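A.B. asks: fold the following, please.
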Amino acid sequence: MYAIVEIAGQQFKVQKDQQLFVHRLEADVNTSLEFDRVLLVDNDGKVSIGAPVISGAKVSAKVIDHLKGDKVIVFKKKRRKGYQKSNGHRQQFTKIQIENIKA
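C.D. replies: Next up is the predicted model:
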């Protein structure tokens, strides 16, 4: 059984006991969350598609940790002008574990 759910503006294909990284959520560690924007549910070949969401369907998850992603270097240069600009960025992520899919 899997579901396609919208979390923080992005769509994810999730299954029970799966761990995934999503953009930073405002929730404490070890708290439970429920996502009600479920777009599709596949229950052993029986597919339910929402228009745009399935009413009554929910995905519950547990927050495991908050962490940062790998550093991304942004480098700008204009040739023959002596202009160089270097900047770095680390995206904030939340690691969650899917506990239950309720169709």
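A.B. asks: so which helix or strand takes in the residue nearest in space to the middle of the chain?
C.D. replies: Centroid check for the chain by CA atoms, centre = their mean gives Val22 as the closest residue, at 3.0 Å. Secondary structure assigned from DSSP states H and E places Val22 in strand 19-23.
A.B. asks: could you say what helices and strands the strand or helix carrying Ser60 packs with?
C.D. replies: For Ser60, the host element (DSSP H and E) is strand 58-78. Strand 58-78 is packed against strand 32-35, strand 83-102, with contacts defined by 3 or more CB pairs under 8 Å, 6 or more residues apart in numbering; DSSP states H and E. C-beta: built from backbone N, CA, C; applies to glycine.
A.B. asks: can you list those in TSV and add mean neighbour count and distance to Val72?
C.D. replies: Converted to TSV, the helices and strands packed on strand 58-78 look like this (neighbours: other CB atoms under 10 Å; distance: least, CB to CB, whole Å):
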stretch	mean neighbour count	distance to Val72
strand 32-35	15	27
strand 83-102	14	5
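A.B. asks: ok, which of the ones you listed comes nearest Gln18?
C.D. replies: strand 83-102 (4.9 Å; CB to CB).
A.B. asks: now the angle between strand 19-23 and the closest one, please.
C.D. replies: 130 degrees (axes from the mean of the first three to the mean of the last three CA atoms, to 10 degrees).
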